[in-house]
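Colleague: just the structure for this:
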Amino acid sequence: MISSLILIGCSNDDDNSPTNVNQTANKQSLGSSATDLLNDTTYKGLTVEMVSVQGFEPTPTAINAFKKFLEDRLFKPDGISINQRSVASSNMAPFTIEEIRQIENTNRTKFNEGDEITVYVYFTDGANEEDSGNRVTLGTAYLNTSIVIYESTLRNLSSRSNSPMLSTIETATLNHEFAHLLGLVNLGTPLQSQHEDSEAKGHCNIENCLMEAAIEFGSGMMDMLGNGVPELDALCIADLQANGGK
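Modeller: From the prediction side, this is the model:
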């Protein structure tokens, strides 16, 4: 499990998931679907199921930028679709990751089928339970095709004086977490060169890379977003290309 952090100043009885679809392939370890997401050998299309608590939907600007990020990195000749819908609050905030998985079991409706791979992204109306003081969680990639974005936390940050626009924070968080699904850094996509941060596993040691740990902690992240959404550096892109991506 990889959490995006910033330092600032199983199924239940109500499970509505399809019972006639094999869900096993979507409930594996983080990074294990990196190759399938990157290339078109098994899956020629990608569907992203975005489920948001009502009133906490991501901005259209962030969604468009996120889709472009995916199109730039993935070989999916049948296209990339982003399906958005809203649901009522779970009233479970603040959340443990186990509760986030329980919500996924209730709300997720799309799973790998045929030559289409799916990813589930949930936008919450509350914070992570482990937030303490100035340490807050922006998002977590917690399974091979599952991401949670703590949208209420992102909105709180964007409302602060001199903070980046909400769409910028959303895009950076979405791109960063999805890149973990793609196996970065050294989480399922093999390293082509040594650029994993020895002090922050799963992250890049190249300054200003999207996968740099600085994007997760403190003023470094805010400084990076001050120049717009960070991009993947050449070494991260080389890893993805060697694993079947663009």
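
Colleague: look up how far Thr42 lies from the residue nearest the centre of the chain.
Modeller: The centre of the chain sits closest to Glu177, judged by CA atoms, centre = their mean, with a distance of 3.0 Å. Distance of Glu177 to Thr42, computed by CB to CB, to the nearest Å: 22 Å. Any C-beta I mention is one placed from the backbone N, CA and C, and that applies to glycine too.

Colleague: if we can go back for a sec, in this structure the residue nearest to the centre of the chain contacts Ala141, no?
Modeller: Yes - in this structure, Glu177 is within contact of Ala141 by CB atoms under 8 Å, at 4.5 Å.

Colleague: chain center to stretch 31-39, what's the gap?
Modeller: 14 Å (CA atoms, centre = their mean, to the nearest Å).

Colleague: and that stretch, what's its mean pLDDT?
Modeller: Stretch 31-39 shows a mean pLDDT of 98.

Colleague: need the contact partners of it.
Modeller: Outside stretch 31-39, the residues that touch it by CB atoms under 8 Å, 6 or more residues apart in numbering are 25, 41-43, 46, 73-75, 117, 119, 144-145, 180-183, 187-189, 240, 243-245.

Colleague: residues contacting the one helix or strand Val121 maps to, please?
Modeller: Val121 belongs to strand 116-123 when elements are defined using DSSP states H and E. Contacts to strand 116-123, defined as CB under 8 Å, 6+ apart, come from residues 26, 33, 36-37, 42-53, 56-58, 78, 100, 103-104, 107-108, 110-112, 145-149, 151, 174, 178, 181.

Colleague: can you list the weak-confidence ranges in the protein?
Modeller: 1-20, 216-222 (pLDDT under 70).

Colleague: on that earlier part again, which of the contacts of stretch 31-39 fall within strands?
Modeller: Among the contacts of stretch 31-39, the members falling in strands (DSSP state E) are 46, 117, 119.

Colleague: any chance of these in TSV, with distance to Leu225 and neighbour count too?
Modeller: Formatted as TSV, the ones in strands among the contacts of stretch 31-39 follow (distance: CB to CB, whole Å; neighbours: other CB atoms under 10 Å):
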residue	distance to Leu225	neighbour count
Leu46	26	24
Ile117	29	25
Val119	23	25
